[in-house]
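Novice: pasted the sequence and its predicted model underneath.
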Amino acid sequence: MKKVLATILALVMALGLTTAAWADEAKAAKVGDVEYDTLQAAVDAATAGQTIVLLKDVNASSGVTVGKKVVLDMNGKKLYNTTDIWNEGTGAWSLISVREHGDLTITGNGTFAAKENDCYAVDVQAGGKVTIQNGTFIGNIHAVYVYIGTAIINGGTYTVQQQYPNADRPYDFVLNCYDASRADGTAKITVNGG
């Protein structure tokens, strides 16, 4: 009887470990019913107008680039980094970057949390557009930065952990446009709420 109980206990423990291993291998995001290992893979696979749903908290080792019209449903999850993303030479400035033909809507009350002293939460480059419906955005110097393009802020919370180096105005630039682009009308931020 003891051998039978020991065998059953061993099987239950092995099943528990196997289930825990499967949980650790959960996919990062899905488009429709198809799940993807990384958020970037889901963005790449999505067609214009589709919604990408984050399935778990994602520790990004590089920034995610969006170059099409999609919706990102954060699903209450967190996109963050623990290793540096910032690379001035490649334009890797943020956890998520909307570029060229990109038109990203962010919803789902998630959190974008950039590593301290590293990158922004979101940036817009090369004429992209981001519309933020809600969520928490934690960046460095800027939470949202528009180099060339448009950001529409309808809701959300925005903070920085690394402040602007001018001690008289450390929080002046939580939402910011590149000055020359703002002056010539190619960088715009509209704040409706948040």
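Specialist: Yes, it's here. Numbers count the residues shown, from 1 in each chain.
Novice: contacts and neighbour counts: CA atoms only from here.
Specialist: OK.
Novice: give me the residues contacting stretch 82-98.
Specialist: Applying Cα atoms under 8 Å, 6 or more residues apart in numbering, the set of residues contacting stretch 82-98 from outside is 59-67, 79-81, 104, 112, 114-115, 118-125, 128-130.
Novice: list only buried entries from the residues you listed.
Specialist: Using 16 or more other Cα atoms under 10 Å as the burial test, the contacts of stretch 82-98 include 59-60, 62-67, 79-81, 104, 112, 114-115, 118-125, 128-130 as buried.
Novice: helix, strand, or coil at Gln40?
Specialist: Look at Gln40: counting by DSSP: H, G, I helix; E, B strand; the rest coil, its state is helix.
Novice: burial count for it?
Specialist: Gln40 has 19 neighbours, counted by other Cα atoms under 10 Å.
Novice: so it touches Val64, yeah?
Specialist: Yes: taking contacts as Cα atoms under 8 Å, Gln40 lies within contact range of Val64: 5.5 Å.
Novice: what do these two both touch?
Specialist: Counting by Cα under 8 Å, 6+ apart, nothing touches both Gln40 and Val64.
Novice: quick check: closest non-adjacent residue to Lys135.
Specialist: One correction, residue 135 is Gly, not Lys. Sequence neighbours aside, Asn109 is the residue nearest to Gly135 in space, at 4.1 Å (criterion: Cα to Cα, 6 or more residues apart in numbering).
Novice: all helices of the protein, in order?
Specialist: Across the chain, reading from the start of the chain, the helices by DSSP state H fall at 2-24, 39-45, 179-183.
Novice: quickly, which of these bottoms out on average pLDDT?
Specialist: The stretch with the lowest mean pLDDT among those is helix 2-24, which comes in at a mean of 47.
Novice: next step: the buried ones among the contacts of stretch 82-98 restricted to strands.
Specialist: Within those, membership in strands is found for 59, 64-66, 79-80, 104, 112, 120-125, 128-130, as judged by DSSP state E.
Novice: in the protein, what secondary structure element scores lowest on mean pLDDT?
Specialist: Of all regular secondary-structure elements in the chain, judged by mean pLDDT, DSSP states H and E, the least confident is helix 2-24 with a mean of 47.
Novice: list the contacts of Asn75.
Specialist: Applying Cα under 8 Å, 6+ apart to Asn75 gives the contacts Val53, Leu54, Leu55, Thr107, Gly108, Asn109, Gly110.
Novice: revised request: answer the last question for Asp118.
Specialist: Residues in contact with Asp118 (Cα under 8 Å, 6+ apart) are Asp84, Ile85, Trp86, Asn140.
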